[in-house]
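Undergrad: Below are the sequence and a predicted model; questions follow.
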Amino acid sequence: MKLKTQLYMFPTGVVFITLCIFVSLYWVWKQSDAVFEREGYVAEINSLVSHLESNLLLYEENPSRDYIKRWEERHKQLTVVLHDSPSLPPEQQTLLNSIQGLNRGLNVLFERLQYLSRDPKPETHALRRHFREKLIAQLETIVEDSNQLVLLARQSLRESQLDQIYMIATMLLVGSVLLTALAVSLSIRLRNYLDLLKGGVKEMEAGNFSTKLASVGADEFAEFIREFNHMQKTLEETTISRDALQKEIDQRTYALKHIASTDPLTQVSNRRKLMEQAELEMARSLRHQEPLTVLLFDADHFKKINDTYGHAVGDQVLIHLCRLSEAEMRENDLIARYGGEEFVILLPHTDITGASELAQRIQARLKEQPFINQGEDVPITISIGIATLSLNQSFTDLLNDADGALYRAKQAGRNCVKVSETRPFVKVPGSSFS
Ligand SMILES: Nc1nc2c(ncn2[C@@H]2O[C@H](COP(=O)(O)OP(=O)(O)OP(=O)(O)O)[C@@H](O)[C@H]2O)c(=O)[nH]1
């Protein structure tokens, strides 16, 4: 059943019950009116009968023509009243018929009484009294019957009132039961649909757009659920395309970051990345009181290699130099091209000893694995300067120290390692720096 129909049933039911109650009350009012009318009618009959009775008594005392005339007038009026009766139910109509029969007999009896009244014989006296008593008895029977008619009318009204009360009570009871059942069914429907929707919204909130809500039937709720599913599908598609876009952006951002921080020839970090990373490592080194050392190396007589083999081979030699160095480094170490044929290796948690060992390993490896150009070894050596971080020193100062050591290595004949003589960063338990 459609929700609209179910909602319309409430006012329709209330209007129907109210109408029935009004009709019922109107019916009772009409019945009461009819009883009042009958009471008036019976009062009129009783009044005329009473007149006839008193007229009869007067006639008995003085049997004059005047009283006969009055009797006839009253009797005529009574006949007219009985003839123009209101419409009555069968039982009351039977009673009225009996009154009409009695009325017809009144004149016969009165005529006989007149006849006997004119006869002065003493033996007629008893007969006259008999007719008079019969006439009075008949008049009283008319009064009794008419009173009975009123009683019947009142009884019929009472029955009718009881019927209407039962009918109204039944209607109110049935109506309220039906409307309550309707309200309960509506509230269950509403609660079920709201629970369903709540589940759907929670799923969406959790990022799950694929769960479709079950739409049963063809009511407004089912229509709403279908619209909800449609919205969920649209959102799912939008989210998928947004996710794909975000993935693409992430990939491109990563590529751009890589390009921005990488030397295009050797694919090691560039100077910019070196500076960024150095800043982090210096802060970490100071915080954890760990040594931080740099290794600065430069290819020896590189100009000669370029001149001998050409610039392109010189490029390949630089790449070879980087790959060999990387092979000897730890994961946390960072190699960066500092400029031209000069490279820096940033060594966290490493002191001078560790850096010197690495420098020697790189030199040894270079000796073992020279660059080969067209089947011919290209002899290449490097000079290395090492410096470790001192207290209150900037990274530029540290590089300058390493550069000073490198200079000394060059001066010492190249292909060797020199260490900066600045005061190293020393870890002292229980205090900060020394
Ligand atoms: N092939 C190549 N050569 C480069 C690159 N960058 C710098 N160079 C060359 O490297 C050479 C460096 O020469 P110098 O500064 O005189 O030093 P060197 O010849 O290595 O001599 P020392 O450093 O004193 O041993 C120059 O000829 C530069 O042109 C590069 O990316 N590729």
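TA: The structure has been received and is ready for your questions. Note that the structure is predicted; figures quoted are calculated from it, not measured.
Undergrad: mind checking the backbone torsions on the residue of the chain found nearest the ligand?
TA: As assessed by CB to the nearest ligand atom, the ligand sits closest to Gly314 within the chain, at 2.5 Å. All C-beta spots, glycine's among them, are computed from the backbone N, C-alpha and C. The phi and psi values for Gly314, taken as degrees, to the nearest 10, are phi -50, psi -40.
Undergrad: what number of residues lie near it?
TA: 21 (other CB atoms under 10 Å).
Undergrad: Skip the chain neighbours and tell me the closest residue to it.
TA: Asn306 (4.2 Å; CB to CB, 6 or more residues apart in numbering).
Undergrad: That neighbour belongs to a helix?
TA: Yes: assignment of Asn306 by DSSP: H, G, I helix; E, B strand; the rest coil places it within a helix.
Undergrad: my guess is it contacts Ala312, does it?
TA: No: here Asn306 does not reach Ala312: they are 9.4 Å apart, not a contact under CB atoms under 8 Å.
Undergrad: Could I get the pLDDT score of the residue nearest to Gly314?
TA: Asn306 carries a pLDDT value of 96.
Undergrad: follow-up on the earlier one: residues shared between the contacts of Asn306 and Ala312?
TA: Counting by CB atoms under 8 Å, 6 or more residues apart in numbering, no residue touches both Asn306 and Ala312.
Undergrad: Look at these two and report which has more neighbours.
TA: More crowded of Asn306 and Ala312, by other CB under 10 Å: Asn306, with 16 against 10.
Undergrad: The nearest residue to Asp263 once chain neighbours are set aside is in what secondary structure piece?
TA: Closest residue in space to Asp263, ignoring its immediate chain neighbours: Arg337 at 4.2 Å, by CB to CB, 6+ apart. Here Arg337, judged by DSSP states H and E, is contained in strand 334-339.
Undergrad: In terms of pLDDT, where does Gln161 sit?
TA: 86.
Undergrad: what comes into contact with stretch 220-231?
TA: Contacts of stretch 220-231 (CB under 8 Å, 6+ apart): 2-4, 189, 193, 196-197, 200, 212-216.
Undergrad: any idea how far the residue lying farthest from the centre of the chain lies from Glu205?
TA: Within the chain, the residue lying farthest from the chain centre (CA atoms, centre = their mean) is Lys121, at 110.0 Å. Going from Lys121 to Glu205 by CB to CB, to the nearest Å gives 123 Å.
Undergrad: Shouldn't Thr266 be within a helix?
TA: No: using three-state DSSP, the assignment for Thr266 is coil, not a helix.
Undergrad: That one: neighbour count?
TA: Thr266 has 21 nearby residues by other CB under 10 Å.
Undergrad: Which secondary structure elements does the lengthiest helix in the chain sit against?
TA: Secondary structure of the chain per DSSP state H: the longest helix is helix 124-205. If contacts are counted by 3 or more CB pairs under 8 Å, 6 or more residues apart in numbering; DSSP states H and E, helix 124-205 sits against helix 3-61, helix 90-118, helix 220-261.
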